[in-house]
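1. The sequence isn't on hand, but the structure is:
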């Protein structure tokens, strides 16, 4: 009788283990679904955090860029007060700029006479820029002569 009882117990334990396994297996899809949802939520949070960091980085870099540009402008203004710097800067700039970067709009579409009329009131740097551009491109004596006259008349004007 002890053997029969132990056999029954063993059989019941095996059936119980199988039932537990079946119950556990039924919950796996739900657990996997919850795990997938949690994964999706974490991925969304990570994406949001990444976007926040990106925006913050852009703001920091934008502020730094503006600060550098401001400081460079200040240094440039101070450097232009040194005799000859504004002239050299304008001449060098004039040799590399495009017509649309000149202080006179539609420069290449204007005649020498029209350009001469628009030179009055420009800074030494701007005049030197135009002179450099003019020498590189058309080298019109009328324009270059007028620039020389204006530069001779206004030695103190540097900006």
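-> Okay, I see it. Just so it is clear, the model here is predicted, and its values are computed rather than measured.
2. from here on, contacts and neighbour counts on C-alpha atoms
-> Fine.
3. So which elements touch the helix or strand encompassing residue 145?
-> Assigned by DSSP states H and E, residue 145 belongs to helix 141-153. Judged by 3 or more CA pairs under 8 Å, 6 or more residues apart in numbering; DSSP states H and E, helix 141-153 is in contact with helix 112-119, helix 124-136.
4. Mind listing what's buried along the last one?
-> I take that to be helix 124-136. For helix 124-136, the neighbour count (16 or more other CA atoms under 10 Å) marks 124-135 as buried.
5. In TSV: the residues you listed, plus distance to residue 145 and pLDDT.
-> Output for the buried residues of helix 124-136, formatted as TSV (distance: CA to CA, whole Å; pLDDT from 0 to 100):
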residue	distance to residue 145	pLDDT
124	14	83
125	16	82
126	15	88
127	11	90
128	12	86
129	14	88
130	12	92
131	9	90
132	13	88
133	14	90
134	11	91
135	11	88
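6. Can you tell me which of those residues is nearest residue 112?
-> Ranked by distance to residue 112 (CA to CA), those are led by residue 134 at 10.2 Å.
7. pretty sure the closest one contacts residue 147?
-> No - using CA atoms under 8 Å, residue 134 is not in contact with residue 147, being 10.4 Å away.
8. Next, report how far stretch 98-113 is displaced from the centre of its chain.
-> 30 Å (CA atoms, centre = their mean, to the nearest Å).
9. Can you get me a residue count around residue 150?
-> 18 (other CA atoms under 10 Å).
10. can you tell me which helix in this structure is longest?
-> Across the chain, the longest stretch assigned as helix under DSSP state H is helix 2-80.
11. relative to helix 124-136, how tilted is that one?
-> If you take axes from the mean of the first three to the mean of the last three CA atoms, to 10 degrees, helix 2-80 sits at 90 degrees to helix 124-136.
12. Now render the buried residues of helix 124-136 as CSV, adding distance to residue 30.
-> CSV is the format used below for the buried residues of helix 124-136 (distance: CA to CA, whole Å):
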residue, distance to residue 30
124, 78
125, 75
126, 74
127, 78
128, 77
129, 74
130, 76
131, 79
132, 76
133, 75
134, 78
135, 79
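13. just the residues you listed now: which is nearest residue 97?
-> Distances from residue 97 to these, taken by CA to CA, are shortest for residue 133, at 7.1 Å.
14. Cool, thanks, talk later.
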